[in-house]
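*Asks:* got a predicted model here, sequence first, then my questions.
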Amino acid sequence: MRPRALVVGLAAALLFAGCSAGASEAPPDLLKVVTDAGKLRVSTDPQYPPQSELKPDGSYEGFDIDVANAIAEGLGVEIEFSTPSWDTITAGSWGGRWDLSVGSMTITVPREEVLVFSSAYYFTPAQMAASTASGITTIDGLAGETICVGEATTYLDWLNGTLDVVSETPMTDPPEGAEAVTQTTDRLCAENWKAGRTDWAGWLSSSSTVQDAIDDGLPLVAVGDPVYTEPLAAAADKGGPDPTALIARVTEIIDGMHGDGSLSALSEEWFGVDLTMTAGG
Amino acid sequence: MTATDARPRDPFARPGKLTPAGADPIVRLEAIEKYFGSNHVLRGCTVEVYPRSTICIIGRSGSGKSTLLRSMIFLEEPTAGAVEVDGLRVEADPLTGSRNREYQERIRQVRLRAQMVFQEFNLFPHMRVIDNLIEAPIRVRGIRRDEAIATAENYLDKVGLRDKRDEYPARLSGGQKQRVAIARALSMEPKVLLFDEPTSALDPTLVGEVLTVMEELAHEGATMMVVTHEMSFAMEAADLVYFLEEGTVVEVGPPEEILGSPSDPRTQAFLSRFIGPAGATR
Amino acid sequence: MSGGTPYGGRQATLEALKIDQPAAIVGQVAAARARGRFRFRLVFAATWAILIGGLVFSLAAAGRIDSAFLGVWAPYILGGIPITIFVSIFSIAFAIVLATLGALGRISRHPVIYAVASLYVSLVRGTPLIAQILFVYLALPQLIPASSDVPVIWLGIFALAFNYGAYMTEIFRAGIEAIPRGQLEAAQALAMRDRLIMRRIVLPQAVRIVIPAIGNEFIAMIKDSALVSIITVQELLWRAQRVGQSNFRTLETLLLAALVYWMLTLVFSIVQARLETRMAESDVRL
């Protein structure tokens, strides 16, 4: 008697779970979700000064943080940050855990399959670097060498020849025969050199990250001109509630900030240079 | 006149000295068979015990005496036969019994009526002595706590261990543990007391205190079935002695007879280990 | 009188050993043993101090440890300790519940219950813990949409508890099966029903058997709690990683985190040792 009751109970439970998963009601509007909650949940990865970094009291600061704050203000809601890993953000299917990514994400065609992007809020040159130990000073000098990049970054795609992005400056080709190797974050590539290791000769990351490392006294030099410039935008998950309206509003806000110069001001503040203008002005 | 006559009877069973006149046997073990695998341990034993009598079961190790006692309360599942205690009858059901709720419940009822004292004492080590005694009366028989405690203390008194009431079993000597075990069995106020080699695990110097308690119980009219090697106890307290060998009852009689001058050569052979020249027992 | 038989040579021996009076031997031997133990412990502590000190000194001397940096960031990083302990305690607590149910299931005679419990143990022990944690974070919302509203710390605790519960199931089962058969027989002879026997006789004794094992599991859990950093719980390791990587100082921050985990493990190991000694001394000897 009891085993039978258990089987029935188990079957019922599984059925119920299956139903609630399969049967999706019309997904609500993400903008509505945000305004109803009075809160915009933004993802950020606080390992990338000056875009995002931790303060000793546990709060965040950086260019991306300020832009996110401005967007929330423009929407008239509060802001809340969460800190998922970068590859979770770029993969989509956020599970409804946060609403918007303001994390200097490059607009690429593959990413557009799972995310919806706002208009770009700034542009970052991709800068090649080499360890002082390697003695390399030109991009061609990196031919056949190992170049370290961050996981799931456009830098990896570029090295693999699969980068599909609208570059603001002419895109160059990767060094011949160069091999890519990844670390969970960009900075770990450089820290490898700081530790005195020579597992790779090259490093490709954003120009601000490379400059940051040089300023911090790490044993590397910038090599050559930026190999491409990428547009960076806010993004929302296609796999959750419909983000079209929210992204439209965010784009409005960003365009407004371009227009009234507040974005340029922030860029100057954090990067020391205005990165928000396209090559065309 | 009908079914009762068809049942196997124990031709040797007799009322004990204290058995009320005209009483029927309170315990019937009918043709108990037990196989362990292909080992035919019990070959159709029939034993009847009258109320307020004491029987001892003796025999070699491997003769099946412990198995017989344990089969009575279904700690071993009899392959065939039937057990009847105080009118409650359970027939062996080795094939489907383990899944039969009603069958299991009837077995439980038998156990309520026949309490066992084990060779290894088997006291609950995580409970104090008094708690060992009142656990089953309260939770199985539903007796109120203060009543159960009073009964338990009374029996502790009887076995001479009232002062050990709040001790944990680990602190007691073997003889004390066994006496507590006896008190625990008594606290359930059973119809029959079963003893499975109660002194075999005891240091020889501690055997006496336990036997004394058992003899007292027998003389006061408890119905007891005792598997033992202690022939002195049999002489002192038993109404009947059953000699078991290779799963069958070989010889039965009053202790003076069986132990003093056994008829069957197998009995004689067994007892020759215990008896020195002409009748002296160890 | 000299050497020779034990009795004949006794006086000479006592004099040779400079032992005062025979009756005082016991005390003097005990004192000598205590001195020996003390010496041993002293050298033990000194060795640890030298080894650890040497390690720290050589790292610092190589100029690679930025202590000013640590001074600024230590409070934030150490602020993750309460979260680590919180996660560990709740995970172990729920794991104990799961392990008890699992063990009962693994000894059950009902085929369905036994099958479910066995599947639980097999699946969970057969997949990596880190994969299970990621599954709970990434895959569960797709199966149960409501789970995306659950704070990540509880998702992490659930994943850890679910994992440890499976391993501890086998420990608990062994504990239950370690109860001597005679206990069961005595309880059955007292006409106790199976549930009552389990509740009042078997489980209480099994608990005493498995407590040392639980202590070990908790100590392991403290370290495994670091894995929930991958699903954004801002505990000790998460903080150490973020702070370190943002500032190219992962050596300092990870050293600090490692030191803290080690300290936590040491403390709880001592607590567990004391607990075991106390249980061995207690009245209940099994």
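*Replies:* In hand now; what should we look at?
*Asks:* need the residues that contact stretch B:253-272.
*Replies:* For stretch B:253-272, the external contacting residues (CB atoms under 8 Å, 6 or more residues apart in numbering or on different chains) are B:12, B:56, B:58-60, B:231, B:234-235, B:238-241, B:243, B:245, B:250-252, B:275, B:279, B:281. For the C-beta atoms, the positions are set from N, CA and C on the backbone; glycine is no exception.
*Asks:* residue nearest the centroid of chain A?
*Replies:* The central residue of chain A, meaning the one whose C-alpha is nearest the mean C-alpha position (CA atoms, centre = their mean), is residue A:105 at 3.3 Å.
*Asks:* would you confirm that it contacts residue A:90?
*Replies:* Yes - look at residue A:105 against residue A:90 with CB atoms under 8 Å: they come within range, at 6.9 Å.
*Asks:* okay, and the common contacts of those two?
*Replies:* Both residue A:105 and residue A:90 are in contact with A:111, A:115, where contact means CB under 8 Å, 6+ apart.
*Asks:* mind checking which of the contacts of stretch B:253-272 are in helices?
*Replies:* Using DSSP state H, B:231, B:234, B:235 are the members of those that sit in helices.
*Asks:* in CSV: the residues you listed, plus pLDDT, neighbour count and distance to chain C.
*Replies:* As requested, those are arranged in CSV below (pLDDT from 0 to 100; neighbours: other CB atoms under 10 Å in any protein chain shown; distance: CB to the nearest CB, whole Å):
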residue, pLDDT, neighbour count, distance to chain C
B:231, 90, 20, 26
B:234, 93, 24, 23
B:235, 92, 17, 28
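*Asks:* so which of those residues is the closest to chain A?
*Replies:* When the ones in helices among the contacts of stretch B:253-272 are compared for distance to chain A, the smallest value, 48.0 Å, is given by residue B:234; criterion: CB to the nearest CB.
*Asks:* where along the chain do the strands fall?
*Replies:* By default, I'm working from chain A. Across chain A, reading from the start of the chain, the strands by DSSP state E fall at A:39-43, A:47-48, A:52-54, A:60-61, A:78-82, A:100-106, A:115-131, A:146-150, A:179-183, A:202-206, A:220-237.
*Asks:* sorry, should have said chain B
*Replies:* Using DSSP E, strands in chain B cover B:27-36, B:39-49, B:54-58, B:80-85, B:88-91, B:114-117, B:192-196, B:224-227, B:240-245, B:248-253.
*Asks:* ok, residue 73 - how many residues close by?
*Replies:* By default, I'm working from chain A. Look at residue A:73: counted by other CB atoms under 10 Å in any protein chain shown, it has 13 neighbours.
*Asks:* actually chain C
*Replies:* If you count neighbours by other CB under 10 Å, residue C:73 ends up with 24.
*Asks:* likewise for residue C:159?
*Replies:* Using other CB under 10 Å, residue C:159 has 25 neighbouring residues.
*Asks:* and if you look at the one 5 residues further on?
*Replies:* A count of nearby residues for residue C:164, using other CB under 10 Å, gives 25.
*Asks:* does any bit of stretch A:43-54 sit next to chain C?
*Replies:* Yes - applying CB under 8 Å from any CB of the partner chain, one finds stretch A:43-54 in contact with chain C at A:46, A:47, A:48, A:49, A:53, A:54.
*Asks:* near chain C, which residues of the stretch 101-250 of chain B show up?
*Replies:* Applying the criterion CB under 8 Å from any CB, the portion of the stretch 101-250 of chain B that neighbours chain C consists of B:108-109, B:111-112, B:115-116, B:118, B:120, B:122-126, B:135-136, B:139-140, B:168, B:170-171, B:184, B:188.
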